[in-house]
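J.: Got a predicted structure here, sequence first:
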Amino acid sequence: VIEHASRRIRVLGVTPHPTAAWVGQAARNLVMDLEDTGGKVKYLIRDRDDKYPALFDAILADAGVKVVLSGVQVPRMNAIMERWVRTCRRELLDRTLIWNQRHLLHALREYERFYNLHRPHQGIANLRPLKPLPRTDHRPEPTRPAEHPPARPPRWCPSRIRARRLSCPDGILGRYRVPASSGSAFALE
């Protein structure tokens, strides 16, 4: 689930075979999560898949969320979620070998945390979906010491580091042995 305004992601779970009971439980988990965080949601956009039973819509309606169905074969109607799925595949799933369902859920939870807390979002002025929480104690903010002036560069700064000669001991280069006495050398810059 993604919030359109902030682009905050909530991973509700993973299953290889979503059933009506599993989707209903995911809806209950979403409602409880929204109540815990104090989120105010008016609408939920979903596609017309058969895996969403009437129970799914009823659970959300009891929580005061109106379910809006996307148009038939109109992926642009839910473009923000489609974009997140593509981002998740490109940044996580295409680069990770997933062992089982538990490992997939763990990887998605870690990616959710990264996506919500650290990853900047270009569409919303490089902001992150979750801002740091305000301080609950009423102590004054810690003061920072005065900035020190920048250190002066050293008086002598070599513009170029001279190359040095290294001899190649036998065996380091395998079959391409270079005797140290032949005058051949490596240059470091």
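T.: Ah, there it is. Numbering: from 1, shown residues only.
J.: just the strands in this protein please.
T.: Remark: strands assigned in the chain by DSSP state E are 43-46, 66-69, 165-166, 186-187.
J.: and the first one, what does it pack onto?
T.: Taking 3 or more Cβ pairs under 8 Å, 6 or more residues apart in numbering; DSSP states H and E as the contact definition, the neighbouring helices and strands of strand 43-46 are strand 66-69. The C-beta positions use only the backbone N, C-alpha and C, and glycine is treated the same way.
J.: Can you tell me what sits against the strand it packs on?
T.: K42, Y43, L44, I45, R46, D47, R48, F56, D57, L60, A61 (Cβ atoms under 8 Å, 6 or more residues apart in numbering).
J.: hmm, which helix or strand of this protein has the shakiest average pLDDT?
T.: One helix or strand of the chain scores below all others by mean pLDDT, DSSP states H and E: strand 186-187, with a mean of 39.
J.: how about V1, what does it touch?
T.: Residues in contact with V1, defined by Cβ under 8 Å, 6+ apart, are I9, R10, L12, L30, L44.
J.: what residue ranges in this structure score low on pLDDT?
T.: For the chain, residues meeting the criterion pLDDT under 70 lie at 120-189.
J.: Quick one: residues contacting Q25.
T.: G13.
J.: For G13, give me its contacts.
T.: Applying Cβ under 8 Å, 6+ apart, we find G13 in contact with W22, Q25, A26, N29, L105.
J.: Could you rerun that using 10 Å?
T.: Taking Cβ atoms under 10 Å, 6 or more residues apart in numbering, we find G13 in contact with W22, V23, Q25, A26, N29, Q101, L105, L108.
J.: same thing with R109?
T.: V11, V14.
J.: Repeat the analysis, applying 6 Å as the threshold.
T.: Counting by Cβ atoms under 6 Å, 6 or more residues apart in numbering, R109 makes contact with V11.
J.: circling back: among the contacts of strand 66-69, which one sits closest to R83?
T.: Distance ranking of those against R83, using Cβ to Cβ, places I45 first at 13.5 Å.
J.: I figured that closest one hits N78, correct?
T.: Yes - I45 lies in contact with N78 (Cβ atoms under 6 Å); the separation is 5.3 Å.
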